[in-house]
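*Asks:* Structure of the sequence below:
(chains A, B, C and D, ligands or ions: 4)
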Amino acid sequence: MTELRPDIRAAASAPGGNSGLLPLYRTMRRIRSFEERVGELFVRGLSAGSMLHLSIGEESAAAGVVKAMAPEDTFTTHHRGHGIFLARGADPARMMAEIAGKESGYCAGKGGSMHIADMALGHLGANAIVGGGIPAVVGAGLSAKRLKKDSVSVAFFGDGATGQGILYESMNMAALWDLPVLFVCINNQYGMGTRIDQATRNQAFDERARAFGLNGAMVDGDDVEEVAATAQELMDEARAGRPGFLAVSCYRFYGHARMDKSPYRAEDEEAEGRLRDPVLKARLRLIERGGAVEGQLDAMDAEIAAEMDATIDFAAASSAPPLSSMFRDVYAVGEPEPEPLRVRLNRILSKGAA
Amino acid sequence: MTELRPDIRAAASAPGGNSGLLPLYRTMRRIRSFEERVGELFVRGLSAGSMLHLSIGEESAAAGVVKAMAPEDTFTTHHRGHGIFLARGADPARMMAEIAGKESGYCAGKGGSMHIADMALGHLGANAIVGGGIPAVVGAGLSAKRLKKDSVSVAFFGDGATGQGILYESMNMAALWDLPVLFVCINNQYGMGTRIDQATRNQAFDERARAFGLNGAMVDGDDVEEVAATAQELMDEARAGRPGFLAVSCYRFYGHARMDKSPYRAEDEEAEGRLRDPVLKARLRLIERGGAVEGQLDAMDAEIAAEMDATIDFAAASSAPPLSSMFRDVYAVGEPEPEPLRVRLNRILSKGAA
Amino acid sequence: MVQITYRDALRQALIDAMQADETVVVIGEEVGRYGGAYGVTKDLIKTFGPERMIDTPISEPAIVGAAVGAAMTGLRPVAELMYVDFLGMTMDQLTNQAAKIRYMFGGQIGVPMVLRTQGGTGRSAGAQHSQSLEGWIMHMPGLRLAMPATAEDAYHLLRHALTMPDPVVFIEHKSLYTRKEEADLSAPKLPWGKAAVRREGKDLVIVTYSRQVHYALEAAEAMAKDGIEATVIDLRTLNPLDMDTVRTHVEKVGRCVVVSEGPLTAGVAAELSARITEECFDFLHEPVIRIAGEDIPISVSQALEAGSVPSPGLIGDTARRLVA
Amino acid sequence: MVQITYRDALRQALIDAMQADETVVVIGEEVGRYGGAYGVTKDLIKTFGPERMIDTPISEPAIVGAAVGAAMTGLRPVAELMYVDFLGMTMDQLTNQAAKIRYMFGGQIGVPMVLRTQGGTGRSAGAQHSQSLEGWIMHMPGLRLAMPATAEDAYHLLRHALTMPDPVVFIEHKSLYTRKEEADLSAPKLPWGKAAVRREGKDLVIVTYSRQVHYALEAAEAMAKDGIEATVIDLRTLNPLDMDTVRTHVEKVGRCVVVSEGPLTAGVAAELSARITEECFDFLHEPVIRIAGEDIPISVSQALEAGSVPSPGLIGDTARRLVA
Ligand SMILES: Cc1ncc(C[n+]2csc(CCOP(=O)(O)OP(=O)(O)O)c2C)c(N)n1
Ligand SMILES: Cc1ncc(C[n+]2csc(CCOP(=O)(O)OP(=O)(O)O)c2C)c(N)n1
Ligand SMILES: [Mg+2]
Ligand SMILES: [Mg+2]
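*Replies:* Numbering: from 1, shown residues only, chains lettered A, B, ... in the order given. Ligands and ions are numbered 1, 2, ... in the order given. You can find the predicted model right below:
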């Protein structure tokens, strides 16, 4: 499976096809705006730590693949997963609160940027371990098969995760068991300071997929419609029990995390890389196609900006989780909680005194 | 690299090419004889445990690949590694003693069948962890490069190890760094009771190799000359900094380990599989080519049988390692040894009594 | 009451659990067609089919990872590691994922999986197939841990594990599989986290678990001939730890030996010793004494292997000196 | 004497070791061009080139495995794990291979590698980037273990580690990198396995290591104002453990608190408590008291993160009550 199915391709590039592109643009714009606010949260000293990984430049992967997902589908993401979850319909305010380590966040302030999850939207969790969330989709695929759910599980990860052996173990299992699973590699050309050609000899990741018996495709992330169309085809295949692998090529616009100024790459390269802007390209195409006049888009952007500004206020106004919550959620509600050390010491030392 | 270099192929199949085949036959015959004696050691209750994995049926991989190795080369093996080490020139008596857990064994009776090693012959060790010995050859490759040794490091492992992610991590590194490394997969069709098609969707392992940027080849283990020729070519490539992967197809004649009677496979299949006998085939070819008359071969076989019989006697006559040796070799000689528990308890309890 | 081996009790627990709960699946190497390296899942594939007895490639990290994902999406997987020694490659999925997911995600979801495996010495299986690694697990918040010593406990603890909301590591002992015992498989559900007092005596308490329970009992019987009476406590689970039972008995007699097959340093025995000392200090006539595996790898040589871990003899000698 | 940060002391140790020994190479993620996630290897690639500062793909298991092979064939690799939390996926290569090779192979060869990594809390890095996992390592025979608290120790212990014949796990603390101190880098080679007595006092002994040394000293200074004098022992290495120094001091004063940032149960603090109790029982007025990380994962929320591990306040409060 390398050739795009003609019907999908036709639909994607049909004149007046903006009915598809506009929502994709909106999703991407929201991601871009949100991530900019995450940067601001950090600058304002409101974030929990500095391990904040922005997906600016990668919006098409999130928007395009998630568009192909059905409500009952599930997914895991890597540490750079804000955009994916937003595309899936997350509440940006609760996301921002989580990134700030606040009680009103998706994970009550315990997880943070790298561990956002939401079972209601099928988000089985972001992960701070490169590759760590990948095998879970194999398990979700097993569940779907066994419990006869018509759902696909999608693993999103970066190019860096192609260095992790667990990816190939998972791919092999998915192919062996005909699981409804899709592996999506967001190839932003870098794993921290390591350019992809410094991490592997052969960047044709689709060859690896086929070598393990999966469908494999590579797509240029500059073009969100192309991403969406290819993703749709692979998702349809996956849903039919033919798992796939999709590599989306894009460029990480900024540093790895908030403290990284990317001294390891040339300014020229960055300038050129940032021309690979899927949001801008979608905007220009919309205007070109005439499906949306510029003023409408400006209004949409402004509305999004206001919504995203409010997420910072929400996060700032939310309270930190109470200290006592520390001992909750290690085990299920109703199970004995761990004894706090202060309680334990009190018990031991007062006995000694008695 | 899929086509065999013409000069090598010519040399291999030249009339009178028995000068090459005869020593290969002898090596394979010695392996077969040795492994039969390992079975006997077990039956006689002299082995250390029952985790003894015979390489009967796989002799061509050991003989053919090792023939292509130079004296300064190094290697690691999997748990089914007796044959490989014998091909490399091991003393079968010391091997048998190790398999019996005796002091005169290669590892002083501490390692056993699954942990035989010998630095003198570049054997960096057998391994009881499937895939466990693979990444070491990447390190040996780094050493060779940095210390300007002209040596290749070879990882031998089974088809089952293709399930282990660390294999792909290692292959990726070897390709990325142009290391003098060869990965040799002895595909005996089974990992314990799991037939290879029950473990993966695509058995064309050479595709995986190429997808990671390595040379890749598959060869039929029935024909030891073919194995040797292909291995030679891949070794030459590896020595020049172009690492490779070779899959040798063969059939595991007997159960996984000594207790396994292979109830999971049909007798028909076994009978047919055992026709894939590289030792017998080499013998017939030698006779056919007239390079060695049957009588000569019989004499050679008998001599080998006698040599291998003696290994059991040697092992039986050797003594078990003294209990005190238990605390040695945890750390280097000269470093403090762990305090034996009995000594420790004595120290504590006599203090209490004092 | 039935006469049953430890192995068959485990097998029966799986059968009964799979019959009671459609979502239970077993996933691991050789669990199906082969019937398990130690025979625990023998023929289960005939009853439950390959969809529920899932044979896997040799991919321990992904086996555990897949179980995590399955547990989060409606199945109750029993992931099997053929040897506890293979934990090393799965500790990321087990401790960074399974153990932390409920917490990191603010209590949204749990990971109700059981990781079944076996460990310990006794089969000349060498350094990489004979370890006792429960210490690593006990150290990790978020993982329940059971190590049954008897067929009856093996049955009930495994049944119980398969109803629990959080990940359970369930470690069997390779030398116990063929041990046959009287067992009541119909007894009411064994409470999780409750130790068993296998024997009571006035002179000292031996606290242990898994195979060492039998060694401790053997030592205790021998001592009894000389009038020394030991209490033997079988912890059954190491997370949680039943300190109430331990404390009650230690406070009664004031002398305690703790026994673990794992390496001495920073292992289970250390925890038991530290905890008992903290909680019973004023009652102790002597320090809590640890008997454990030597701080060395296990040799393939039978003599060295047996010499590296506690034995009835060592337990007995130590106990006698402690009460002397 | 120089004023130097912990980070720069480590960096200097690498520079000096690499200059002294041509076979030393550094292998890990971002160690070369990037200069290390925490800057320890900054610019080393300029001096030593990419052949000795080897940037790797994100493949922790193979990084450790490659280091094992390199160490067996003539190099002296420093493998780097960016976070100790990634140990989970490398424990097989580290404990089944590196730690056991000398033993399994009957002493034929060793694995002289250093695994450098960093752990601990303090950066809101969340549950998978804030752990203290030294307990796992201390439990494994065959691995040396160092956890320096000061810049001077960081330098000397790393230099020493790079001359040792066996694998060394070297765990730095992420919150110490920017700490600046007086340090004598020219001092004679620090003996491996020798604790430092950072402070002496008549009332109790606090035994600890890594960042908690500074917390213990802070607590001790505060107590001193009230006339309570504590001895603070910095273990420096956890394998081996300098029990001679600990014993001498505990026997003098009869009260002891042990402190570790890792989870309480079955961790380093348990080992210290058990060992001290066994060896000094007759001298102890009170049980050895453990202060350690809570048995919970670490939250990203700063308040919860700080609350999950020992603090100067908790150490002080506990010590005061113990001597009261
Ligand atoms: C197992 C593991 N190794 C290393 C890291 C440190 N680390 C975090 S992100 C990252 C780079 C990941 O690159 P990629 O997968 O391409 O994702 P990207 O950051 O580009 O989105 C690294 C090395 C980690 N978190 N987990
Ligand atoms: C990591 C690991 N998983 C599982 C095992 C148990 N085991 C030992 S050998 C084996 C099968 C290996 O198959 P293969 O690699 O094809 O080698 P073969 O035995 O066929 O030579 C298994 C599953 C092991 N030793 N190590
Ligand atoms: Mg990337
Ligand atoms: Mg095989």
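
*Asks:* Closest to the centroid, which residue in the chain?
*Replies:* Here I'm looking at chain A. For chain A, the residue nearest the mean C-alpha position is A:Gly81 (2.9 Å; CA atoms, centre = their mean).

*Asks:* Sorry, I should have been clearer: chain C.
*Replies:* Taking CA atoms, centre = their mean, the centroid of chain C lies closest to C:Met147, which sits 1.5 Å from it.

*Asks:* doesn't C:Ser132 make contact with it?
*Replies:* No: C:Met147 sits out of contact with C:Ser132 when judged by CB atoms under 8 Å, with a separation of 9.2 Å. Backbone N, C-alpha and C define where each C-beta goes, glycine included.

*Asks:* who touches the closest residue to A:Glu35 other than its chain neighbours in this structure?
*Replies:* Take A:Glu35 and drop its neighbours on the chain: the residue closest to it by CB to CB, 6 or more residues apart in numbering or on different chains is A:Leu54, 4.3 Å away. For A:Leu54, the contact set (CB atoms under 8 Å, 6 or more residues apart in numbering or on different chains) comprises A:Glu35, A:Val38, A:Gly39, A:Arg80, A:His82, A:Phe253, A:Tyr254.

*Asks:* Burial check on the fifth one, number of neighbours?
*Replies:* The local packing of A:His82 (other CB atoms under 10 Å in any protein chain shown) involves 28 other residues.

*Asks:* Over to A:Lys148. Which of the three states is it?
*Replies:* Put simply, A:Lys148 is coil when judged by DSSP: H, G, I helix; E, B strand; the rest coil.

*Asks:* Starting from ligand 2, give me the distance back to it.
*Replies:* For A:Lys148, the distance to ligand 2 (CB to the nearest ligand atom, to the nearest Å) stands at 31 Å.

*Asks:* on that earlier part again, closest one to B:Ala70 out of the contacts of A:Leu54, please.
*Replies:* When the contacts of A:Leu54 are compared for distance to B:Ala70 (CB to CB), A:Arg80 comes out closest, at 46.4 Å.

*Asks:* Wait, that closest one touches A:Ile56, no?
*Replies:* No: the criterion here is CB under 8 Å, and A:Arg80 misses it with A:Ile56 at 9.9 Å.

*Asks:* For the stretch 51-200 of chain C, which residue gets nearest to ligand 3?
*Replies:* Nearest residue of the stretch 51-200 of chain C to ligand 3, counting by CB to the ion: C:Asp92, 19.7 Å away.

*Asks:* returning to that earlier point: name the residue in A:Arg80 and A:Ile56 with the higher neighbour count.
*Replies:* Using other CB under 10 Å as the criterion, A:Arg80 and A:Ile56 rank with A:Arg80 on top: 27 against 23.

*Asks:* For ligand 4, what's its nearest residue on the stretch 1-150 of chain A.
*Replies:* Closest approach between the stretch 1-150 of chain A and ligand 4, counting by CB to the ion: A:Val138, at 22.8 Å.

*Asks:* tell me the contacts of that residue?
*Replies:* By CB under 8 Å, 6+ apart, the contact list for A:Val138 reads A:Ser170, A:Met173, A:Ala174, A:Trp177, A:Leu179, A:Val181, C:Ala62, C:Gly65, C:Ala66, C:Gly69.

*Asks:* rerun at 10 Å
*Replies:* Residues in contact with A:Val138 (CB atoms under 10 Å, 6 or more residues apart in numbering or on different chains) are A:153, A:155, A:166, A:169-174, A:176-177, A:179, A:181, A:183, A:243, C:27, C:56, C:59, C:62-63, C:65-70.

*Asks:* what do you get for A:Ser60?
*Replies:* Neighbour list for A:Ser60: A:24, A:27-28, A:31, A:83, A:186, A:219-228, A:248-250, A:276-279, A:281-282 [criterion: CB under 10 Å, 6+ apart].

*Asks:* Report whether the expected contact of A:Arg30 with A:Ala87 is present.
*Replies:* Yes: look at A:Arg30 against A:Ala87 with CB atoms under 10 Å: they come within range, at 8.2 Å.

*Asks:* related to what we said a few turns ago, can you count the residues close to the closest residue to the residue nearest to the centre of chain A other than its chain neighbours?
*Replies:* Closest residue to A:Gly81 apart from its sequence neighbours, by CB to CB, 6+ apart: A:Ala126 at 4.1 Å. Neighbours of A:Ala126 under the rule other CB under 10 Å: 31.

*Asks:* Also C:Ala187?
*Replies:* C:Ala187 has 11 neighbouring residues, counting by other CB under 10 Å.

*Asks:* ok, now the one 5 residues further on?
*Replies:* Taking other CB under 10 Å as the neighbour definition, C:Trp192 ends up with a count of 21.

*Asks:* That one and C:His156 touch, don't they?
*Replies:* Yes: between C:Trp192 and C:His156 there is a contact at 9.5 Å, judged by CB under 10 Å.

*Asks:* which residues of the stretch 1-150 of chain C score low on pLDDT?
*Replies:* Along the stretch 1-150 of chain C, no part satisfies pLDDT under 70.

*Asks:* Find the nearest non-adjacent residue to the residue of the stretch 51-200 of chain C closest to ligand 3, please.
*Replies:* With CB to CB, 6+ apart, the residue lying closest to C:Asp92 is D:Gly88, at 3.3 Å.

*Asks:* in chain A, which spans are helices?
*Replies:* In chain A, the segments counted as helices under DSSP state H are A:6-13, A:18-43, A:59-67, A:82-87, A:92-99, A:134-146, A:165-176, A:205-211, A:224-239, A:267-273, A:278-289, A:294-317, A:341-353.

*Asks:* Export these as CSV, with columns for mean pLDDT and distance to B:Ser319.
*Replies:* Putting the helices of chain A into CSV (pLDDT from 0 to 100; distance: least, CB to CB, whole Å) gives the following:
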stretch, mean pLDDT, distance to B:Ser319
helix A:6-13, 50, 74
helix A:18-43, 95, 68
helix A:59-67, 98, 66
helix A:82-87, 98, 64
helix A:92-99, 98, 65
helix A:134-146, 98, 48
helix A:165-176, 99, 43
helix A:205-211, 98, 51
helix A:224-239, 98, 61
helix A:267-273, 97, 68
helix A:278-289, 97, 73
helix A:294-317, 97, 72
helix A:341-353, 87, 52
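
*Asks:* Could you export those to CSV, including columns for distance to B:Glu270?
*Replies:* Converted to CSV, the helices of chain A look like this (distance: least, CB to CB, whole Å):
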stretch, distance to B:Glu270
helix A:6-13, 49
helix A:18-43, 58
helix A:59-67, 47
helix A:82-87, 50
helix A:92-99, 58
helix A:134-146, 32
helix A:165-176, 24
helix A:205-211, 30
helix A:224-239, 38
helix A:267-273, 59
helix A:278-289, 57
helix A:294-317, 66
helix A:341-353, 61
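
*Asks:* so what's A:Tyr168 up against?
*Replies:* Contacts of A:Tyr168 by CB under 10 Å, 6+ apart are A:134, A:162, A:208-209, A:211-212, B:162-169, B:171-172, B:208, B:212, C:59, C:62.

*Asks:* could you list every residue that touches the closest residue to C:Ile101 other than its chain neighbours?
*Replies:* Leaving aside its sequence neighbours, C:Ile101 sits nearest to C:Val111 (CB to CB, 6+ apart; 5.2 Å). Contact partners of C:Val111, counting by CB under 10 Å, 6+ apart, are A:136, A:139, C:67-72, C:77, C:94, C:97-102, C:142-143, C:165-168.
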